[in-house]
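Fold the following.
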Amino acid sequence: MNLLAIALGGAIGSVARYLLTGLVARASGPAFPAGTFVVNVIGCAAFGALAGAASTRISLAPEVRLFWFTGIFGGFTTFSSYAFDSFALMREGQFLAAGVNVAGQVVLGLIALAAAYRVTT
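Predicted coordinates:
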């Protein structure tokens, strides 16, 4: 049941990302990746809103949490998970760990992408 919840949510999130990215890209033009930018910001806001509500106002069954957080938000943008993990570290006062997470994922992600790209071209 957990895998089905994740798969359904992931399909919904991925299609939503594709549609919104395309819509924004057509409206903004090719000079800047505005589609990805908008998707990441919206995904972070939506993730934060649901995570905040789930921590104080509403109770979500484990399958529902997986559907939304891993499925929909994971399919829509994994950036929201990265941002939430960083926020959680800061909220716990672990500022060094949060900084390492932020800088490390950005820098190492770019290095890994560039290296893999270079190896395959």
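
Help me confirm that S28 comes into contact with T36.
No - if you go by Cβ atoms under 8 Å, S28 and T36 don't touch, sitting 10.9 Å apart. Bear in mind the C-beta positions are built from the backbone N, C-alpha and C, glycine included.

Please, where are all the helices along this protein?
2-28, 34-56, 62-65, 73-76, 79-91, 95-120 (DSSP state H).

what comes up buried for the fifth one?
To tie it back to what came earlier, the one meant is helix 79-91. 79-84, 86, 89 (16 or more other Cβ atoms under 10 Å).

how about a markdown table for the residues you listed, with distance to L50 and pLDDT added?
Formatted as a markdown table, those follow (distance: Cβ to Cβ, whole Å; pLDDT from 0 to 100):
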| residue | distance to L50 | pLDDT |
| --- | --- | --- |
| F79 | 15 | 88 |
| S80 | 10 | 82 |
| S81 | 12 | 81 |
| Y82 | 16 | 88 |
| A83 | 13 | 91 |
| F84 | 10 | 88 |
| S86 | 17 | 92 |
| L89 | 19 | 94 |
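
Please convert those to JSON lines, extending it with distance to A45.
Below are these laid out as JSON lines (distance: Cβ to Cβ, whole Å):
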{"residue": "F79", "distance to A45": "11"}
{"residue": "S80", "distance to A45": "8"}
{"residue": "S81", "distance to A45": "14"}
{"residue": "Y82", "distance to A45": "14"}
{"residue": "A83", "distance to A45": "10"}
{"residue": "F84", "distance to A45": "11"}
{"residue": "S86", "distance to A45": "15"}
{"residue": "L89", "distance to A45": "19"}
